[in-house]
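Enquirer: here is the input, now give the coordinates:
(one chain, ligands or ions: 1)
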Amino acid sequence: MTYDYDLLVIGAGSGGVRAARIAAGYGKKVAICESDKVGGTCVIRGCVPKKLFVYAAQYKKMFKAAEAFGWDIQSQFNWPTLLNNKDQEINRLNGIYLNLLSNAGVELIKGFGSFVDAHTVAIGGKNYTADKILIATGGTPTVPDIPGKQHIITSNEALDLKQLPASITINGGGYIAVEFAGIFNALGVAVNLVYRGQQILRGFDDEVAQFAQQSFVEAGINIITDCEITAVEKTEQGLVCKSNCADIHSEVVFFATGRQANTEHLNLSKVGISTQPNGQVVVAKDQSTSLPNVFAVGDVCNQNNLTPVAIREGHYLVNRLYANGKQFPEYDFIPTTVFSQPEIGTCGMTEAQAKAEYPNIECFTSTFRAMKYAMSEVNEKTLMKIVVNSDTDQVLGMHVCGADGGEIIQGFGVALKQGLTKTQLNSTIGIHPTSAEELVTL
Ligand code: NDP
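Expert: From the prediction side, this is the model:
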């Protein structure tokens with residue numbers, strides 16, 4: 001049986017692009033289909049533009065701290081300039097991705113892919129066949145079905161608001177909610193952060209989540225907990241969120257209430273590809289679906305929803321398929337960062353997870369004001385915490401909430417993944433004066 005392609009990838013996001021170009025590099029005939037720009041959520045409407053906005057927001061604090069160092073800065077923020085430069089940067093990255101694909105010899109087919117049979121995908125009214133097919137369609141924001149849903153924006157629109165609003169209500173207490181709350185707050189928008197539970201950042205270490213929540217409040221974010229928004233109404237003054245706690249008024253309402261897999265239009269059930277009740281593609285350890293020649297990587301099939309995880313899954317998959325690769329992604333000790341302000345870098349177990357798994361654990365924490373803010377009126381503090389198995393001395397988890405938390409944890413994450421012990425940690429000499437040195441002296 002001959003096919004048009006050895007590999008057809010559906011979705012040109014981080015995981016799909018990596019898999020396509022590596023497979024082409026192994027001499028395979030590869031096509032990738034995409035209806036939007038190339039780069040996926042991360043590059044176009046996720047990590048990259050969000051991080052650019054985070055940088056923009058951080059200047060506020062730096063300008064404030066600068067006064068103590070002798071600088072007299074007259075600053076004025078211009079939202080259209082940021083939007084315009086962000087768009088240019090995304091176009092530049094889109095161009096790089098396009099070059100990566102064409103230099104590798106991958107054919108780009110514009111349009112949505114939809115399965116016709118196990119080896120055939122329809123794209124723009126034309127059928128394409130392939131020996132193997134990779135689903136890498138990612139995810140999309142979900143908003144609960146409440147009255148006034150049409151007035152609600154998601155992270156997709158938040159990155160392209162024509163004007164910076166005077167006020168915004170953000171619903172949710174996860175990554176996206178707290179990241180955007182920090183961005184808008186620093187840019188001068190009055191922010192209500194509404195969360196249905198008691199404590200935002202569920203799943204993070206409790207002490208870290210509490211510290212972060214307190215820091216966000218001190219930075220000026222109005223956090224409303226135990227509050228469920230039940231409807232959004234439009235009035236002449238703006239939008240009103242009706243809830244079980246109060247009427248919450250703002251110019252913009254933004255829900256960051258989770259994401260769902262992009263599988264709706266793929267016609268998966270017709271060809272016998274199993275999905276979970278939440279729409280995610282069911283995959284085995286080798287990324288194969290219920291059809292042995294069809295695979296899936298990234299947010300469309302995993303719980304981690306992190307770009308580097310999708311890239312690793314795609315890369316190792318084609319290594320195994322076409323280059324005798326033997327490696328599988330490992331999902332323990334994945335370092336991750338919430339780009340809130342202050343930011344949260346974390347790797348490994350929370351205190352609660354460690355207690356549930358091991359009989360004897362010990363936690364070490366330190367809270368301090370980073371030197372760069374010490375002389376200034378910026379009151380932001382840093383929390384560092386490690387969770388240790390007292391019986392084996394292994395460091396089970398490390399958490400930083402403070403400036404550069406992500407950069408710090410990326411480095412320590414390497415050691416944690418290799419089974420770092422508390423004794424080894426303390427045998428390392430610190431770099432003085434840094435914030436990170438605190439972690440080797442706890
Ligand atoms: P999360 O799953 O992190 O958070 C969703 C939030 O919405 C939770 O606080 C949840 O509450 C709340 N929620 C869910 N459903 C409802 C509802 N019906 N009504 C009210 N509140 C609701 O999702 P995000 O959208 O923030 O992010 C999605 C994923 O994307 C993240 O989990 C992460 O993996 C990834 N991501 C990673 C980033 C990074 O690495 N920096 C940045 C952005 C996203 P509850 O806690 O009660 O469930």
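
Enquirer: need the three-state assignment for S102.
Expert: Under DSSP: H, G, I helix; E, B strand; the rest coil, S102 falls in the helix class.

Enquirer: residue contacts, it?
Expert: By Cβ atoms under 8 Å, 6 or more residues apart in numbering, the contact set of S102 is L108. For glycine as for every other residue, the C-beta is placed from the backbone atoms N, C-alpha and C.

Enquirer: list the contacts of the host helix or strand of R21.
Expert: Per DSSP states H and E, R21 falls inside helix 14-25. Residues outside helix 14-25 that contact it (Cβ under 8 Å, 6+ apart): 6-7, 9-10, 12, 30-32, 34, 38-40, 42-43, 97, 100-101, 104-106, 134, 136-138, 297-298, 307, 310-311, 313-315, 317-319, 321-322.

Enquirer: hmm, 6 Å instead?
Expert: By Cβ atoms under 6 Å, 6 or more residues apart in numbering, the list of residues contacting helix 14-25 from outside reads 7, 9, 30, 32, 40, 42, 97, 100, 104-106, 134, 136, 297-298, 307, 310-311, 313-315, 318, 322.

Enquirer: and the closest residue to Q394 other than its chain neighbours, how far from W71?
Expert: What sits nearest to Q394 in space, not counting adjacent residues and going by Cβ to Cβ, 6 or more residues apart in numbering, is T421, at 5.6 Å. Distance from T421 to W71, counting by Cβ to Cβ, to the nearest Å: 44 Å.

Enquirer: pick out the residue of this structure closest to the ligand.
Expert: G174 (2.1 Å; Cβ to the nearest ligand atom).

Enquirer: all helices for the stretch 251-400 of the chain, in order.
Expert: 268-271, 307-322, 351-357, 371-374 (DSSP state H, counting those that start in this stretch).

Enquirer: got JSON lines for those, with distance to E179 too?
Expert: Formatted as JSON lines, the helices of the stretch 251-400 of the chain follow (distance: least, Cβ to Cβ, whole Å):
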{"stretch": "helix 268-271", "distance to E179": "31"}
{"stretch": "helix 307-322", "distance to E179": "14"}
{"stretch": "helix 351-357", "distance to E179": "23"}
{"stretch": "helix 371-374", "distance to E179": "21"}
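
Enquirer: which of those helices is buried the deepest?
Expert: helix 307-322 (a mean of 23; mean count of other Cβ atoms under 10 Å).

Enquirer: in the helix or strand where Y97 lies, what's buried?
Expert: Using DSSP H and E, Y97 sits in helix 79-104. Within helix 79-104, the residues that count as buried by 16 or more other Cβ atoms under 10 Å are W79, L82, L83, K86, I90, L93, N94, Y97, L98, L101.

Enquirer: over to stretch 211-224?
Expert: For stretch 211-224, the neighbour count (16+ other Cβ under 10 Å) marks F211, A212, Q213, S215, F216, A219, I221, N222, I223, I224 as buried.

Enquirer: please write out the alpha-carbon positions of that stretch in CSV.
Expert: Only the C-alpha atoms of stretch 211-224 are listed here, as CSV (Å, rounded to 0.1, in the frame of the first residue of the first chain):
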residue,chain,number,x,y,z
PHE,A,211,2.0,33.2,50.4
ALA,A,212,1.2,34.0,46.7
GLN,A,213,-2.4,34.9,47.4
GLN,A,214,-1.2,37.3,50.2
SER,A,215,1.4,38.8,47.9
PHE,A,216,-1.2,39.4,45.1
VAL,A,217,-3.5,41.1,47.6
GLU,A,218,-0.6,43.3,48.8
ALA,A,219,0.2,44.2,45.2
GLY,A,220,-3.4,45.5,44.8
ILE,A,221,-5.4,42.7,43.3
ASN,A,222,-8.9,42.4,44.8
ILE,A,223,-9.2,38.6,45.4
ILE,A,224,-12.8,37.4,46.1
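
Enquirer: what does it rub up against?
Expert: With contact meaning Cβ under 6 Å, 6+ apart, stretch 211-224 is reached by A181, N185, V191, N192, L193, V194, I200, L201, P342, I344, L383, C401.

Enquirer: next, the third one: secondary structure please.
Expert: It refers to V191. V191 ends up strand, using three-state DSSP.

Enquirer: need the contact list for it.
Expert: I168, A181, F184, N185, I221.

Enquirer: any chance of those residues in JSON lines, with secondary structure too?
Expert: As requested, these are arranged in JSON lines below (three-state DSSP):
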{"residue": "I168", "secondary structure": "strand"}
{"residue": "A181", "secondary structure": "helix"}
{"residue": "F184", "secondary structure": "helix"}
{"residue": "N185", "secondary structure": "helix"}
{"residue": "I221", "secondary structure": "coil"}
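
Enquirer: keep the residues you listed, but drop any that are not near the ligand.
Expert: Subset of those in contact with the ligand: empty, counting by Cβ under 6 Å from any ligand atom.

Enquirer: just give me the closest of the residues you listed to S75.
Expert: Nearest to S75 among the contacts of V191 is N185, at 16.3 Å by Cβ to Cβ.

Enquirer: could you say which helix or strand holds T230?
Expert: Short version, using DSSP H and E: T230 is in strand 229-235.
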